[in-house]
Each structure stands twice: as structure tokens, then as C-alpha cells.
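Engineer: A predicted structure for the sequence below; I have some questions about it.
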Amino acid sequence: QVQLVESGGGLVQPGGSLRLSCAVSGSRLDTYAIGWFRQAPGKEREVVSCLSISSYGRTYYADAVKGRFTISRDNAKRTVFLQMNSLVAEDTAVYYCAADRSTYHRCWELVYDYWGQGTPVTVSS
């Protein structure tokens with residue numbers, strides 16, 4: 001059973017940065033596609049960024065975060081990161097990481113099997 005634990009959320013001023021971490025336990029990280037999602041109050045959950053495990057896989061970013069967010073993974077440490085820069089109020093949400101064993105290369109279309117509990121991010125002055 002894979003378990004995911006997010007950390008790194010908090011309160012940040014507009015224009016600031018945060019780095020979210022997702023610690024994965026129970027299995028090797030390199031056998032999973034990993035996604036970062038967020039859900040703002042009153043809105044549906046949306047994919048922010050993801051990494052597939054397929055050799056033809058891609059790194060995906062939602063349009064709203066392109067150029068500002070960077071996803072990365074450290075397989076040895078079994079941790080996935082989301083570096084978030086130039087934060088704006090619209091980035092305020094609970095951020096979740098998720099994992100799935102599918103090798104489908106379009107990671108943003110996957111139905112993820114494993115989810116963390118979420119970490120809140122608030123961007124406000």
C-alpha cells in the first residue's frame with residue numbers, strides 16, 4: 001500500500017515562493033506516475049502538474065502555472081517536489097499529491113489511485 005504525505009504549505013505573500021514536498025512510502029517512487037492537484041474553496045479539484053513514468057512520458061503543467069511552478073522527483077529519497085514561484089492569490093488552495101502505477105504517458109488524464117491528505121497554501125498580503 002502506497003502512502004503519500006504532503007508538507008510545505010503555508011501562508012505566503014503575493015510574489016513569494018513555496019516548495020511543497022510529497023513523501024512516498026510503501027513502494028519505489030520510480031514505478032509511479034505522480035501528480036500535484038489543488039482544490040480551491042468552492043471549486044473543483046484540478047491538476048496542477050504531473051510526471052509520467054512512461055519512456056514517452058511528459059512533464060505536464062496547467063496553463064495557469066506554466067513558467068512559475070516546477071515539478072521534480074528524487075527517486076532515491078522517494079520524494080516529489082513542487083516548487084512554486086511568483087505566487088498569486090489565485091493559487092490559494094489545498095494541494096494534494098497523488099500516485100498511480102499506470103504507464104500511460106498523458107499523466108494529466110490518469111485516474112490516480114493513491115492520494116495524500118493535502119497541504120493548504122494561502123497567498124495573501
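Structural biologist: Yes, it's here. Model, not experiment: these values are computed from the prediction.

Engineer: which residues touch Ser72?
Structural biologist: Counting by CB atoms under 8 Å, 6 or more residues apart in numbering, Ser72 makes contact with Val80, Phe81, Gln83. (C-beta placed from N, C-alpha, C; glycine too.)

Engineer: is the first one in a bridge, and if so with what?
Structural biologist: Under DSSP bridges, the beta-bridge partners of Val80 are Cys22, Arg73.

Engineer: check contacts around it.
Structural biologist: Ser21, Cys22, Val24, Leu29, Ile34, Trp36, Leu51, Ile71, Ser72, Arg73, Asp74, Cys97 are the contacts of Val80 under CB under 8 Å, 6+ apart.

Engineer: among those, who's most crowded?
Structural biologist: Cys97 (31 neighbours; other CB atoms under 10 Å).

Engineer: can you pull the contacts of it?
Structural biologist: With CB under 8 Å, 6+ apart, Cys97 has these contacts: Leu4, Glu6, Leu20, Cys22, Ile34, Gly35, Trp36, Phe37, Val80, Leu82, Trp115, Gly116.

Engineer: restricted to strands, list those residues.
Structural biologist: Leu4, Glu6, Leu20, Cys22, Ile34, Gly35, Trp36, Phe37, Val80, Leu82, Trp115 (DSSP state E).

Engineer: from the residues you listed, pick the one nearest Ser125.
Structural biologist: Leu20 (20.8 Å; CB to CB).

Engineer: can you verify my assumption that the closest one contacts Thr119?
Structural biologist: Yes. Counting by CB atoms under 8 Å, Leu20 touches Thr119, with 6.2 Å between them.

Engineer: from the centroid of this protein, which residue is nearest?
Structural biologist: Centrality entry for the chain: nearest residue to the mean C-alpha point is Trp36, 2.0 Å, by CA atoms, centre = their mean.

Engineer: can you tell me how far that one is from Leu110?
Structural biologist: 13 Å (CB to CB, to the nearest Å).
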